[in-house]
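Asks: I'll drop the sequence and a predicted model, then ask my questions.
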Amino acid sequence: MENCLFCKIAAGVIPSTKVYEDETVLAFRDIAPQAPTHILVIPKAHISGMSEVSAENAALVAHCLEVVALVARQENLTGGYRVVSNCGDDAGQTVHHLHFHILGGRKLSLEMA
């Protein structure tokens, strides 16, 4: 998608602080972190959100989750971490490209927004 922020980051048009990259997935540090460790994991292919997950792209989404676990180990989040994926405007999704937030590095609150 030509106007998608995360597609531009995945294409290298907009710089990011990468922590992992392969042919299909990119992980990079959030520019407005909500925890000491706040990393986004995205598929390079545009999927607008969880509501677009299908049999055709499920393997890619599963690979994103494999990368979440790999990055959490790489970041030494041994005490635990949270994985969040907002879906839709009412849930707070501001970039309509599927992404998973990895939040950790401190004890996280149990409160939900």
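Replies: Sure thing, it's come through. Numbering: from 1, shown residues only.
Asks: And the residue lying closest to Ala72 once chain neighbours are set aside, how far from Glu75?
Replies: With C-beta to C-beta, 6 or more residues apart in numbering as the criterion, Ala72 has its nearest non-adjacent residue at 5.2 Å, and that residue is Tyr81. For every residue, glycine as well, the C-beta is placed using N, CA and C. In this structure, Tyr81 and Glu75 are 8 Å apart, going by C-beta to C-beta, to the nearest Å.
Asks: can you check Ala55 too?
Replies: The separation that Ala55 has from Glu75, given C-beta to C-beta, amounts to 31 Å.
Asks: Of those two, give the one with the bigger neighbour count.
Replies: For Ala55 and Glu75, the more surrounded residue by other C-beta atoms under 10 Å is Glu75, and the numbers stand at 19 against 6.
Asks: Need the pLDDT of the more buried one.
Replies: Glu75 is assigned a predicted lDDT (pLDDT) of 98.
Asks: thinking again about what came up before, do I have it right that the residue nearest to Ala72 meets Arg73?
Replies: No. Because the distance of 10.1 Å does not satisfy C-beta atoms under 8 Å, Tyr81 is recorded as not touching Arg73.
Asks: of these two, who's got more company?
Replies: The residue with more neighbours, out of Tyr81 and Arg73 and counting by other C-beta under 10 Å, is Tyr81; that gives 20 against 10.
Asks: what residues are up against that one?
Replies: For Tyr81, the contact set (C-beta atoms under 8 Å, 6 or more residues apart in numbering) comprises 37, 72, 102-104.
Asks: Determine the longest strand present in the protein.
Replies: Looking across the chain with DSSP state E, the single longest strand is strand 37-43.
Asks: and that one, what does it pack onto?
Replies: Contacts of strand 37-43 with other secondary structure elements, assessed using 3 or more C-beta pairs under 8 Å, 6 or more residues apart in numbering; DSSP states H and E, are made with helix 5-10, strand 25-29, helix 58-74, strand 100-104.
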